[in-house]
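Peer 1: need coordinates for the following:
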Amino acid sequence: MKFGVYQVSRRGGREKNEDRMGYCYTRDAVMFALADGMGGHPEGEVAAQIALQTVASMFQRDAKPMLGDVVRFLEDAVLVAHQQLLRYGADKGLTDTPRTTIVVCVLQRGNAHWAHCGDSRLYMLRGKELVARTRDHSYSELQEALGRQPTGAERFNRNVLFTCLGSPGKPMVDITGPIPLQPGDRMMLCSDGLWSVLSDVTIAEQLSARVISDAVPELVEQALRMGGARSDNVTALAVEWEGEDEPEEAMDSISTQGMDDTGFASTIQGAAAEGHEMDEAEIERSVREIQEAIRRAGKKHA
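Peer 2: Sure thing, here's the model as predicted:
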């Protein structure tokens with residue numbers, strides 16, 4: 001398995017950067033993730049880090065060296081991350097729980113799967129064509145999907161999210177895939193600090209026109225310039241798929257050919273908060289709790 005990757009995050013005009021991103025991989029699978037801690041709630045940067053650390057811990061546990069069921073993994077990982085935020089808030093006695101958006105992408109067996117909750121986005125390009133983009137869990141995207149034009153208060157609240165990780169209710173998680181990959185396909189995960197000021201057309205044009213190590217920082221700098229002094233945090237992580245085969249070495253590519261069955265590498269490091277590291281027993285307990293809650297909900301609606 002071979003892929004190129006480039007990531008960058010800038011604070012913009014905010015007091016702190018509440019975005020987090022990273023990737024991890026085994027010989028046969030790779031996972032990319034980005035989370036944007038939500039302002040207006042406590043410890044947004046902690047929420048984003050807990051979410052990423054949770055999905056990375058579960059990927060490390062389950063990818064041996066690939067995931068048995070990618071869709072189930074994505075469902076469980078995002079919901080366990082949500083559960084960890086609720087647990088963190090309860091343990092600290094917070095009156096409001098830290099919250100975050102998240103987008104997670106897994107590449108395995110020549111296919112892409114991704115999951116998202118909130119308005120952190122994934123863009124997928126093939127050549128110059130934008131072949132896929134996640135749809136935000138916001139009222140503006142909902143109205144657009146329904147073919148309605150927002151009016152009055154709806155227009156004012158157009159970018160308000162109706163789901164995220166850490167909120168009291170069960171989060172809405174959209175999962176896409178499998179999408180067969182072709183060499184040269186590019187995917188970019190980004191926070192709303194980037195897409196809110198750059199159009200989809202601009203993002204697609206620039207991401208397809210240059211190598212990702214040039215295109216991604218230029219997109220981020222352009223978003224910061226357009227955002228001005230009050231720019232949001234701007235974060236982007238892009239990957240170019242080069243295939244399952246191992247052609248001649250490319251300087252900026254990652255090849256997993258030399259890894260064994262237990263090999264694991266990650267740029268997602270460190271626990272988000274003391275006492276909230278996840279071992280295998282904690283993961284198993286969280287997954288069981290989620291599955292039991294799903295079964296109970298199913299019985300109520302039967």
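
Peer 1: quick one: contacts for residue 54?
Peer 2: By C-beta atoms under 8 Å, 6 or more residues apart in numbering, the contact set of residue 54 is 77, 80-81, 84, 278. Every C-beta, even on glycine, is put in place using the N, C-alpha and C of the backbone.

Peer 1: now tabulate those residues in CSV and tack on distance to residue 126, pLDDT and neighbour count.
Peer 2: Shown next, in CSV, are these (distance: C-beta to C-beta, whole Å; pLDDT from 0 to 100; neighbours: other C-beta atoms under 10 Å):
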residue, distance to residue 126, pLDDT, neighbour count
77, 26, 97, 29
80, 32, 96, 22
81, 30, 97, 30
84, 35, 95, 25
278, 36, 55, 21
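
Peer 1: would you quantify the distance from residue 94 to residue 78?
Peer 2: With distances taken as C-beta to C-beta, to the nearest Å, residue 94 is found 21 Å from residue 78.

Peer 1: among these two, which residue is more densely surrounded?
Peer 2: In this comparison of residue 94 against residue 78, neighbours counted by other C-beta atoms under 10 Å, the higher total goes to residue 78 at 26 against 13.

Peer 1: for the more buried one, which non-adjacent residue is spatially closest?
Peer 2: Spatial nearest neighbour of residue 78, excluding adjacent residues (C-beta to C-beta, 6 or more residues apart in numbering): residue 173 at 5.0 Å.

Peer 1: tell me how far the one you found lies from residue 51.
Peer 2: Using C-beta to C-beta, we find residue 173 at a distance of 12 Å from residue 51.

Peer 1: likewise for residue 215?
Peer 2: As for residue 215, its distance to residue 51 is 26 Å (criterion: C-beta to C-beta).

Peer 1: look at these two and report which has more neighbours.
Peer 2: With other C-beta under 10 Å as the criterion, residue 215 and residue 51 differ in neighbour count, and residue 51 comes out ahead with 33 against 21.

Peer 1: many thanks, I have nothing further to ask.
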